[in-house]
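Undergrad: Here's a sequence, model it:
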Amino acid sequence: MHKGYLCLVLHGHLPFVRHPEYADFLEEDWLYEAITETYIPLIWVFEGLTRDNIDFRLTMTLSPTLLSMLGDELLQERYLAHINKLIELSGKEIERTTWQPAFQNLAYIYQRQFTASRDTFLRYNRNLVFAFKKFQDMGKLEIITCGATHGYFPLMDICRESLRAQVKVAVSHYESVFGRKPKGIWLPECGYSPGHDAILKEAGLAYFFGDAHAVLHGTPRPKYGVFAPVYCKGTGVACFGRDLESSKQVWSSIEGYPGDYNYREFYRDIGFDLEYDYIKPYIHPDGVRINTGIKYYRITGDNNHKEPYVPQWARDKAAEHAGNFMFNRQKQVEYLYDIMQKKPIIVSPYDAELFGHWWYEGPQWLDFLIRKVVCDQDELRLITPSEYLAENPRNQVITPSLSSWGWKGYSEMWLQGANDWIYRHLHTASFRMTELVKRFPDANGLLKRTLNQALRELLLAQSSDWAFIMGTGTHTAYAIKRTKDHLLRFLRLYEEIHTDSVDENWLRDIEHKDNIFPNIDYRVHQ
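TA: Presented below is the predicted three-dimensional model:
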């Protein structure tokens, strides 16, 4: 008889980046890299577990922006061109490394991986959402939603209509993709303020995830800490708190598994290492060097000296670390079970792109872990949040605390000197969107198209990714441009609506560029 539950959660999200006005756009590579290095390898893990009759359970966010990009025909076509170039490059690498056997072996591995990625992509008719939907329909995977464009909720409180729109658009989009309503939501950046649960309940959502201090600092104090969900006072929406111990053991590159010296070094890529003339056809047309995904070195140590990557050593480490993680969770639930006198749930959430993209061996580790948990022990049981709530319907009622994850845990990453200027503009646009909805409650034709596009532009401007990028100082110019572009488009639409002078040609152009949420209804912003 098991003594506790393990709830593994992968948060899959990317900001909406789609630029049909350019033949090649640098930031679109974020999606292509994630497909090759994270989402297809995860599909392979799920396929292998299913083939071997491993009865696994996993919870996964697929954010509305990520779903939209995975299902976009233009981006699908561009990904196919991207992976074909990598297959061609890996073939050249096999020839180039003829006299470097350690590297040539890796080049062969990369070519097989890229070719298999293309085959998988085509097998699911270029839309990987079909793969994830298949595993959800089988009862193995519980897919949850997120804010429509990953807007950061605590800093949207000043205009609840925008917060409500983020949730309602997300739920509606999820239903159009999966043919069912989502059961839970990943609050963007785990950002929560008391009262947000009322909006979640209104949208039919049963639970959300918060960082540990959302629960631990709640009122009254939670009897079981983060090892049991709590119900929000007044709504009954469940909040699952993140377990800090198991999270840190995986995501920390310093103290966690990904920093092991036998794992692949992320920061050594042939896109930067090889001669410019050789690599030029495979980097950005403007000559900007980029990661190709072909990396020949292992971490080796904490200095610049790197040794060749040895896949078998890394695989052995992934198996060892999976066993260590399981052992620690077994001891954790044994200890907690004796204290709590009920079965604890260990909630372990991670960014999905940690697995495969940042931590190359992450999917292998996940595969080993799931197999070990299912086959090699009986203290732990894998579970999804909705399964847990069905089996354990009685839980403490509290009011969770204002919180986020990230730096210091209270919104600082999204509200600092580098990005604080955006909010007065976002709030003004939100108020104006509410004004438009009240003024035109039943628009039709061109006016309705314009109002719908205004809401799209507002939602895209609200993405927390832009503030995060400004805060980290990477791709800052792009994040600033995206914020300004969407706000300026919104403001122009607002003025044209007020003066009854909508430029339909320009509207058609931005509908083509920012084509997210084709079935959006502007009236949700109320």
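Undergrad: Only C-alpha atoms from now on, for both contacts and neighbour counts.
TA: Fine.
Undergrad: Please give the element, helix or strand, for Thr428.
TA: According to DSSP states H and E, Thr428 maps onto helix 422-439.
Undergrad: Return the helix or strand in the protein with minimum mean pLDDT.
TA: Lowest mean confidence among the helices and strands of the chain (mean pLDDT, DSSP states H and E): helix 244-251, at a mean of 89.
Undergrad: what angle sits between the next helix or strand along the chain from the helix holding Thr428 and helix 422-439?
TA: Proceeding N to C from helix 422-439, the next assigned helix or strand is helix 445-461, under DSSP H and E. If you take axes from the mean of the first three to the mean of the last three CA atoms, to 10 degrees, helix 445-461 sits at 160 degrees to helix 422-439.
Undergrad: Return the set of buried residues in stretch 249-260.
TA: Going by neighbour count (16 or more other CA atoms under 10 Å), the buried part of stretch 249-260 is 249-251, 257-260.
Undergrad: Output those as TSV; include the columns distance to Thr65.
TA: TSV is the format used below for the buried residues of stretch 249-260 (distance: CA to CA, whole Å):
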residue	distance to Thr65
Gln249	29
Val250	26
Trp251	24
Tyr257	30
Pro258	27
Gly259	30
Asp260	33
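Undergrad: can you tell me how far Asn127 sits from Arg118?
TA: 12 Å (CA to CA, to the nearest Å).
Undergrad: try Phe325
TA: Applying CA to CA, the value for Phe325 to Arg118 is 32 Å.
Undergrad: higher neighbour count, the two?
TA: Arg118 (21 against 17; other CA atoms under 10 Å).
Undergrad: Check which helix or strand that one maps to.
TA: helix 101-123.
Undergrad: buried ones in that helix?
TA: If you call a residue buried by 16+ other CA under 10 Å, then helix 101-123 has these buried ones: 103-107, 109-111, 113-118, 120-121.
Undergrad: same thing with stretch 446-457?
TA: Quick answer for stretch 446-457 (16+ other CA under 10 Å): 447-457.
Undergrad: again with stretch 130-138
TA: So, applying 16+ other CA under 10 Å, buried residues of stretch 130-138: 130-133, 135-136.
Undergrad: Now do the helix holding Thr428: which elements does it pack against?
TA: helix 160-178, helix 445-461, helix 476-498 (3 or more CA pairs under 8 Å, 6 or more residues apart in numbering; DSSP states H and E).
Undergrad: got the angle between whichever helix or strand Thr50 is part of and helix 101-123?
TA: Counting by DSSP H and E, the element that carries Thr50 is helix 40-51. Orientation check (the same axes, to 10 degrees): helix 40-51 against helix 101-123 gives 70 degrees.
Undergrad: what is the mean pLDDT for the very next helix or strand once past helix 40-51?
TA: Remark: after helix 40-51, the chain's next helix or strand is strand 58-62, criterion DSSP H and E. Mean pLDDT, strand 58-62: 98.
Undergrad: helix or strand right after strand 58-62?
TA: Using DSSP H and E, the helix or strand that follows strand 58-62 in sequence is helix 64-70.
Undergrad: So which other helices or strands are in contact with the helix or strand that that next one is followed by?
TA: Moving toward the C-terminus from helix 64-70, the next helix or strand (DSSP H and E) is helix 73-96. In terms of contacts (3+ CA pairs under 8 Å, 6+ apart), helix 73-96 is packed against helix 101-123.
Undergrad: tilt between the helix it packs on and helix 73-96?
TA: Per the same axes, to 10 degrees, the angle that helix 101-123 makes with helix 73-96 is 160 degrees.
Undergrad: burial count for the closest residue to Trp407 other than its chain neighbours?
TA: Nearest non-adjacent residue to Trp407, counting by CA to CA, 6 or more residues apart in numbering: Met413, 5.8 Å away. For Met413, the count of nearby residues is 23 (other CA under 10 Å).
Undergrad: From Asp351, how far out is Met413?
TA: 16 Å.
Undergrad: How about Glu142?
TA: Distance from Glu142 to Asp351, by CA to CA: 16 Å.
Undergrad: Between these two, which has more neighbouring residues?
TA: More crowded of Glu142 and Asp351, by other CA under 10 Å: Glu142, with 25 against 14.
Undergrad: what's near enough to touch the more buried one?
TA: 57-60, 136, 384 (CA atoms under 8 Å, 6 or more residues apart in numbering).
Undergrad: and with 6 Å instead?
TA: Taking CA atoms under 6 Å, 6 or more residues apart in numbering as the criterion, Glu142 is in contact with 59, 136.
Undergrad: Quick check, pLDDT for it.
TA: pLDDT, Glu142: 98.
Undergrad: Quick check: it is in a strand.
TA: Yes - judged by DSSP: H, G, I helix; E, B strand; the rest coil, Glu142 forms part of a strand.
Undergrad: Distance check, it against Tyr32.
TA: 24 Å.
Undergrad: And the pLDDT at Ser252?
TA: Among the per-residue scores, Ser252 shows a pLDDT of 78.
Undergrad: Need the nearest residue in space to it, chain neighbours excluded.
TA: Per CA to CA, 6+ apart, closest to Ser252 is Pro258, 7.1 Å.
Undergrad: One more: Thr145?
TA: With CA to CA, 6+ apart, the residue lying closest to Thr145 is Ile185, at 4.8 Å.
Undergrad: give me the number of residues near Ser247?
TA: 17.
Undergrad: quick one, what contacts it?
TA: Taking CA under 6 Å, 6+ apart, we find Ser247 in contact with Ser348.
Undergrad: on contacts alone, who are the packing partners of the longest strand along the chain?
TA: Assignment by DSSP state E gives strand 4-12 as the longest strand of the chain. Using 3 or more CA pairs under 6 Å, 6 or more residues apart in numbering; DSSP states H and E, the elements in contact with strand 4-12 are strand 58-62, strand 345-351, strand 380-382.
Undergrad: ok, now with 8 Å
TA: Strand 4-12 is packed against strand 58-62, helix 311-340, strand 345-351, strand 380-382, with contacts defined by 3+ CA pairs under 8 Å, 6+ apart.
Undergrad: Just confirm Tyr278 is within a strand.
TA: No - under three-state DSSP, Tyr278 falls outside any strand and is assigned helix.
Undergrad: Could you report the neighbour count for it?
TA: Tyr278: 11 neighbours (other CA under 10 Å).
Undergrad: before we move on, what about Asn505?
TA: By other CA under 10 Å, neighbour count at Asn505 equals 9.
Undergrad: got the angle between the helix or strand hosting it and helix 445-461?
TA: Using DSSP H and E, the element containing Asn505 is helix 504-513. Interaxial angle, helix 504-513 versus helix 445-461 (the same axes, to 10 degrees): 40 degrees.
Undergrad: Please identify the buried residues of helix 504-513?
TA: 507, 511.
Undergrad: Stretch 513-520 now?
TA: For stretch 513-520, by 16+ other CA under 10 Å, it's 514, 516-517, 520.
Undergrad: which regions of the stretch 201-350 of the chain sit below the pLDDT cut-off?
TA: Applying pLDDT under 70 to the stretch 201-350 of the chain flags residues 253.
Undergrad: Pull the number of nearby residues for His498.
TA: By the criterion of other CA under 10 Å, His498 has 11 neighbours.
Undergrad: Any buried residues in stretch 187-202, and which?
TA: 187-200.
Undergrad: same deal with stretch 52-62?
TA: 56-62.
Undergrad: end to end, how far does it reach?
TA: Rule used - CA to CA; the end-to-end distance of stretch 52-62 is 25 Å.
Undergrad: And for stretch 517-526?
TA: Termini of stretch 517-526 sit 18 Å apart (CA to CA).
Undergrad: Mind listing residues that contact stretch 173-186?
TA: Contacts for stretch 173-186 (CA under 8 Å, 6+ apart): 11, 61, 64, 133, 143-147, 171-172, 204-209, 386, 517.
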